[in-house]
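Participant: Have a look at this fold, sequence not included:
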């Protein structure tokens with residue numbers, strides 16, 4: 001048999017070794033799918049932003065650990081977290097940054113005021129968006145790849161009015177909103193249902209999501225003697241507002257939506273929220289379901305703190321995307337959006353199935369009170 005020179009044999013062996021290494025590398029290669037996060041990671045709402053981010057990261061960690069496959073290929077999910085600071089202009093910049101980076105999927109934004117202007121950028125880029133923004137206008141824009149994975153102001157605002165009339169036996173209510181898209185939407189939906197329930201709106205006032213002194217508007221409200229004060233806004237204003245209500249001798253209860261369903265409300269009220277404040281979230285009571293208890297325990301074990309308002313929704317958002325990718329046998333945003341629109345996924349918060357307008361079909365509303373500074377679920381309906 002003819003022997004090739006040593007140098008030739010070494011070159012052949014080196015070539016074969018390289019080919020084998022390439023084949024082994026290809027066998028272990030993974031498709032990387034990026035999931036963007038748009039949330040307020042700085043500023044006054046940063047605690048909520050971190051809560052959202054960590055819920056998403058927890059889900060992605062679990063998905064990747066299980067060996068996620070789509071269409072027979074190994075897929076690794078990667079979170080690209082961006083800070084929109086709860087600011088509409090910054091939120092649009094974040095959307096453009098994610099679009100330029102060819103990110104196909106986004107969980108967020110958290111704020112309606114960010115989501116509404118940013119949604120145009122996401123839509124133009126063909127991205128799938130799963131948002132908890134509650135303003136009804138968001139899904140009315142008709143973007144085909146945008147889905148609301150939380151309740152909307154119509155659900156929560158109407159439930160607040162029904163509860164005030166039927167359970168609190170209120171007759172006269174005052175309404176305050178913070179002029180954000182969320183706060184205005186919640187207040188508007190509350191007032192519409194309140195009138196249908198026979199409640200009298202004795203005072204309507206406005207503030208901002210940066211305010212700390214509410215003395216002037218509360219003094220005007222006090223003269224109207226409402227049974228309940230409804231606030232469309234966030235914990236950072238609700239806590240100080242309650243403290244000032246008490247100092248002015250206002251005995252009305254404070255009633256709000258999901259954005260004040262947080263221990264921050266109690267802390268910033270100096271503990272006055274107990275028995276004085278009620279809030280509502282469009283979700284099941286986590287402690288009442290096995291999935292909710294498991295999620296809460298995992299979250300606390302990972303981050304050494306309890307989940308806040310929307311951590312479970314952002315966790316579900318990642319799980320919903322992964323489920324849709326597998327059912328569609330594709331990571332193409334268009335095909336994934338089609339699967340989400342027609343499919344059903346059972347998550348921590350509830351069942352994700354969507355109307356033609358891309359709102360969730362069924363989502364119970366839970367009423368919470370405060371006891372010892374902690375949220376206490378009272379009833380779901």
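Facilitator: Structure's in. What do you need? As the structure is a computational prediction, the values presented were derived from the model and not from experiment.

Participant: which residue sits closest to the residue most central in space within the chain, ignoring its sequence neighbours?
Facilitator: Among the residues of the chain, the one closest to the centroid is residue 132, at 3.9 Å (Cα atoms, centre = their mean). The spatial neighbour of residue 132 that comes closest, neighbours along the chain excluded (Cβ to Cβ, 6 or more residues apart in numbering), is residue 150 at 3.7 Å. To be clear about C-beta, it is placed using only N, CA and C from the backbone, and glycine gets the same treatment.

Participant: swap in residue 284?
Facilitator: Setting aside the residues directly before and after it, residue 284 is nearest to residue 350 in space (Cβ to Cβ, 6+ apart), at 5.5 Å.

Participant: Count residues in the vicinity of that neighbour, would you?
Facilitator: For residue 350, the neighbour count with other Cβ atoms under 10 Å is 25.

Participant: partners of the top strand by length along the chain, with directions?
Facilitator: Within the chain, and with DSSP state E defining each element, the longest strand by residue count is strand 73-83. Strand 73-83 has the following sheet partners, assigned by DSSP bridges: strand 31-39 (parallel), strand 69-70 (antiparallel).

Participant: Next, find the distance separating the nearest residue to residue 39 once chain neighbours are set aside from residue 310.
Facilitator: Take residue 39 and drop its neighbours on the chain: the residue closest to it by Cβ to Cβ, 6+ apart is residue 49, 4.0 Å away. Distance, residue 49 to residue 310, using Cβ to Cβ, to the nearest Å: 10 Å.

Participant: in the stretch 151-300 of the chain, what spans have low per-residue confidence?
Facilitator: Scanning the stretch 151-300 of the chain with the threshold set as pLDDT under 70 gives no residue ranges.

Participant: change it to 80
Facilitator: For the stretch 151-300 of the chain, the stretches flagged by pLDDT under 80 are 283-285, 287.

Participant: just the helices in it please.
Facilitator: Under the criterion DSSP state H, counting those that start in this stretch, the stretch 151-300 of the chain contains helices at 153-166, 181-196, 215-224, 235-247, 263-268, 290-303.

Participant: got the ones you listed as CSV, with mean neighbour count and distance to residue 63 columns?
Facilitator: Below are the helices of the stretch 151-300 of the chain laid out as CSV (neighbours: other Cβ atoms under 10 Å; distance: least, Cβ to Cβ, whole Å):
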stretch, mean neighbour count, distance to residue 63
helix 153-166, 22, 29
helix 181-196, 22, 30
helix 215-224, 15, 47
helix 235-247, 22, 31
helix 263-268, 21, 29
helix 290-303, 15, 13
